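In: Sequence first, then the predicted structure:
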Amino acid sequence: MARVPVAAPNRLHRVLNRIPDRTRSRRGRTPALPDLELATRPRPWLRALGLTAVVLVGAWLGLLVVGNVRAPVGPMNTTMALRPSLTGGTKINVSPLGALTLDSHAAPVRLDVNVDQLDPLRSQALVDHPERLSGLQDEVVHDVEHGTLDLAVRSCVAVVTGATALGLAVYRRPRRALTAGGLALALLAASGATAYATWNPKSVLEPKFSGLLSSAPSLVGNARNIVTEFDVYQKELARLVTNVTKLYDVTSTLPAYQPDPSTLRVLHVSDIHLNPASWRIIASLVDQYKVNVIVDSGDTMDHGTAAENGFLDPIKDLGVPYVWVRGNHDSLTTQRYLQRMKNVHVLDNGRTQTVAGLRFAGIGDPQFTPDRSVVPGGDATEQLAGERLADALRAQRAAGTPADVAIAHEPVAARRTDGEVPLVLCGHLHHEGTQVLRHGTRLRMEGSTGGSGLRAVEHDYPAPIEASILYFDRDSHRLQAWDAIKLGGLGLTTAEVSRHLPEENLPGATTGPSAPSPTSATPSPSAP
């Protein structure tokens, strides 16, 4: 192995000394490395901007994840939350109808209130103790104050936790993370102080409507009148709660027609007209009566728009088949949406289908008149639809598969099936009635299961909520009896369940309100 001369390191040292020292500054005193550190160090305004972003994003994430508060308000369950907003205000979501927006304050946070559902236990308590209705207003005010206080505390914890956690993830320094949390808390406190200083209690006089409420302003009426007559509406709302829970009480104590498992039970509903309370009532009847199938004879919607389709989603959770025909307020858009649901059987153009052991045939209303002042075809159009349904019934009978029940929305169309089917169901006129037609077909007309829907306060005497339980023999498929259920409309506190047997009706006789003649069934401008 060659040996390196000892002098070699000295030569190398001299060579290196001749190379210019680039680590020195021009003056040859201060090393350049600190200059590099200063050049790479962030400027103060950039650090402040980054810290601001961490505070805002962390606070927003904290509010989004853990900033919600579920608060009971009277008999209702609500969810309250604070959300970042450039304009502030209050947004009250009433699913599926839309939302009310109030310019209640000017601050970088908005109060969101979601009305979730009516609590049956608290509502039942109002029925059992009607003296509590007088104190319902004070109870609601107390619940709102308590819920707002809980929301304030939770929001403080949420923004501090969110900003601190994000600061720790970004900076990896506890001191900066705690600084971010403190700034988030200060920001929320400043926003709350601004909201308090700019609070506008008169904003309720000028609400802004969105969703279905904006497309149908006639449903909510004159906002100023509602405010000036708030005491009246408040009492009616309390009574409506009582009405709903009374139905629970009545249906839970009334025995079904027969405990015989061979009895088929059909729930007939009609003309719901976008009343969200109807789904809870229907679900209660399905449970109490052990219903096998629901028949809806149309006008489930009010305007037939795609925006209303979400209102139909509770049908999927009813747990039984749902047979439906189109009404004059239901569009083909509505029909196509329902056809995609697994438990829904849409009948149109005389289509026949066996559901829960019974054979149903039905036809949708040929008219689409969400504007009630427009009646393009009148009786002639309805009679043609009835003839098509009657032809389909004759064809099924000739094929050896006769229908047990026919369904049409309009009574004029339903009457054309006389002699072709034992029973035909309809609705449209918002009152119930039964009639045996000349050739032996029994016509059963249902009232409004939605209490005429969202127009319940338009008239002096609100329409009742009506539905029927029809009992069929499983072997003969013949109607054995029916229970007519009537719940008092808005402002009333009555609930009636009456039982009827087919023997009550001879051909030409009627029960309930007199069945209209074909010439009187055409809706007037103020009709359903």
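Out: The structure has been received and is ready for your questions. Numbers count the residues shown, from 1 in each chain.
In: From here on, just use CA atoms for contacts and neighbour counts.
Out: Fine.
In: According to the record, where do the domains of the protein fall?
Out: Structural domains annotated on the chain: 44-209, 229-520, as defined by automatic domain parsing.
In: from memory Thr449 sits against Ala277, does it?
Out: No. Using CA atoms under 8 Å, Thr449 makes no contact with Ala277, being 9.6 Å away.
In: These two: which is more packed in?
Out: Neighbours were counted for Thr449 and for Ala277 using other CA atoms under 10 Å; Thr449 has more, 33 against 17.
In: How is the more buried one assigned, secondary-structure-wise?
Out: Using DSSP: H, G, I helix; E, B strand; the rest coil, the structure places Thr449 in coil.
In: What separation do you get for it and Arg110?
Out: Distance of Thr449 to Arg110, computed by CA to CA, to the nearest Å: 37 Å.
In: May I see the buried residues of stretch 330-341?
Out: 330-331, 334-335, 338 (16 or more other CA atoms under 10 Å).
In: What average pLDDT does that stretch get?
Out: Per-residue pLDDT values over stretch 330-341 give a mean of 95.
In: pull the CA atoms of it into PDB?
Out: Output of stretch 330-341 as PDB, limited to C-alpha atoms (Å, rounded to 0.1, in the frame of the first residue of the first chain):
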ATOM      1  CA  ASP A 330     -99.600  15.700  -8.900                       C
ATOM      2  CA  SER A 331     -97.400  15.900 -11.900                       C
ATOM      3  CA  LEU A 332     -95.700  13.300 -14.000                       C
ATOM      4  CA  THR A 333     -92.500  14.400 -12.300                       C
ATOM      5  CA  THR A 334     -94.100  13.400  -9.000                       C
ATOM      6  CA  GLN A 335     -95.200  10.100 -10.500                       C
ATOM      7  CA  ARG A 336     -91.800   9.200 -11.800                       C
ATOM      8  CA  TYR A 337     -90.200  10.000  -8.400                       C
ATOM      9  CA  LEU A 338     -92.600   7.600  -6.700                       C
ATOM     10  CA  GLN A 339     -92.000   4.900  -9.200                       C
ATOM     11  CA  ARG A 340     -88.400   4.700  -8.100                       C
ATOM     12  CA  MET A 341     -89.500   3.700  -4.500                       C
END
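In: Which member of the buried residues of stretch 330-341 is positioned nearest Pro321?
Out: Distance to Pro321 across those (CA to CA) is lowest for Leu338, with 12.2 Å.
In: list the contacts for that closest one?
Out: By CA atoms under 8 Å, 6 or more residues apart in numbering, the residues touching Leu338 are 312, 344, 346.
In: Quick check: it vs Gly50, distance?
Out: From Leu338 across to Gly50, the span is 50 Å (CA to CA).
In: so what's Ala165 up against?
Out: 58, 177.
In: Using the three-state scheme, assign it.
Out: helix.
In: Tell me the confidence at it?
Out: 88.
In: Distance check, it against Ala186.
Out: Computed with CA to CA, the distance linking Ala165 and Ala186 is 17 Å.
In: Leu338 now?
Out: With CA to CA as the criterion, Leu338 and Ala186 are 50 Å apart.
In: do the same with Asn292
Out: 59 Å.
In: hang on, isn't Arg359 packed against Val405?
Out: Yes. Shown here, Arg359 and Val405 form a contact pair, counting by CA under 8 Å, at 6.5 Å.
In: who's more crowded, these two?
Out: For Arg359 versus Val405, neighbours defined as other CA under 10 Å are more numerous around Val405 (23 against 16).
In: which residues does the more buried one bridge with?
Out: Phe360, Leu423 (DSSP bridges).
In: My guess is it contacts Val355. True?
Out: No. If you go by CA under 8 Å, Val405 and Val355 don't touch, sitting 10.9 Å apart.
In: doesn't Pro370 fall inside a strand?
Out: No. Applying three-state DSSP, one finds Pro370 to be coil, outside a strand.
In: Any stretches of the stretch 351-500 of the chain with poor pLDDT?
Out: Low-confidence segments of the stretch 351-500 of the chain, defined by pLDDT under 70, span residues 372-378, 452-462, 488-495.
In: Now with 90, please.
Out: 368-382, 429-431, 449-465, 473-475, 480-481, 483-500 (pLDDT under 90).
In: how about the helices in it?
Out: Using DSSP state H, counting those that start in this stretch, the helices of the stretch 351-500 of the chain run over residues 378-398, 411-415.
In: Tabulate these in a markdown table, adding columns for distance to Asp475 and mean neighbour count.
Out: Converted to a markdown table, those look like this (distance: least, CA to CA, whole Å; neighbours: other CA atoms under 10 Å):
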| stretch | distance to Asp475 | mean neighbour count |
| --- | --- | --- |
| helix 378-398 | 18 | 20 |
| helix 411-415 | 25 | 27 |
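In: And the ones you listed: which comes nearest Leu82?
Out: helix 411-415 (50.6 Å).
In: neighbouring contacts of that closest one?
Out: 379, 382-387, 406-408, 424-428, 437, 443, 445, 518, 521.
In: is it true that Leu358 touches Leu479?
Out: No. Between Leu358 and Leu479 there is no contact under CA under 8 Å: 11.0 Å.
In: ok, then the element right after the host helix or strand of Leu149?
Out: In this assignment (DSSP states H and E), Leu149 forms part of helix 136-171. Scanning forward in sequence from helix 136-171 by DSSP H and E, the next helix or strand is helix 174-197.
In: and that following helix, what other elements does it pack with?
Out: Counting contacts by 3 or more CA pairs under 8 Å, 6 or more residues apart in numbering; DSSP states H and E, helix 174-197 is packed against helix 44-66, helix 136-171.
In: Name the residues of that helix that come out as buried.
Out: Result for helix 174-197 [16+ other CA under 10 Å]: buried residues 176-185, 187-188, 191-192, 194-195.
In: Which member of these is positioned nearest Ser85?
Out: For these, the nearest to Ser85 is Ser191 (10.7 Å; CA to CA).
In: Not counting residues beside it along the chain, what's closest to the closest one?
Out: Spatial nearest neighbour of Ser191, chain neighbours left out: Ala107 (5.7 Å); criterion: CA to CA, 6 or more residues apart in numbering.
In: I'd like the distance between the one you found and Thr161.
Out: Note on Ala107: its distance to Thr161, by CA to CA, is 22 Å.
In: So for these two, which residue has more residues nearby?
Out: Neighbour count, other CA under 10 Å: between Ala107 and Thr161, Thr161 has more, with 25 against 22.
In: so who does that one touch?
Out: By CA under 8 Å, 6+ apart, the contact list for Thr161 reads 58-59, 62, 181.
In: By neighbours, which of the residues you listed wins?
Out: Ala59 (33 neighbours).
In: per-residue confidence at the closest residue to that one other than its chain neighbours?
Out: Nearest non-adjacent residue to Ala59, counting by CA to CA, 6+ apart: Val159, 4.1 Å away. pLDDT, Val159: 86.
In: neighbours of Val159, just the number please.
Out: Applying other CA under 10 Å, I find that Val159 has 32 neighbouring residues.
In: And for Arg173?
Out: Other residues close to Arg173 by other CA under 10 Å number 11.
In: Many thanks, have a good one.
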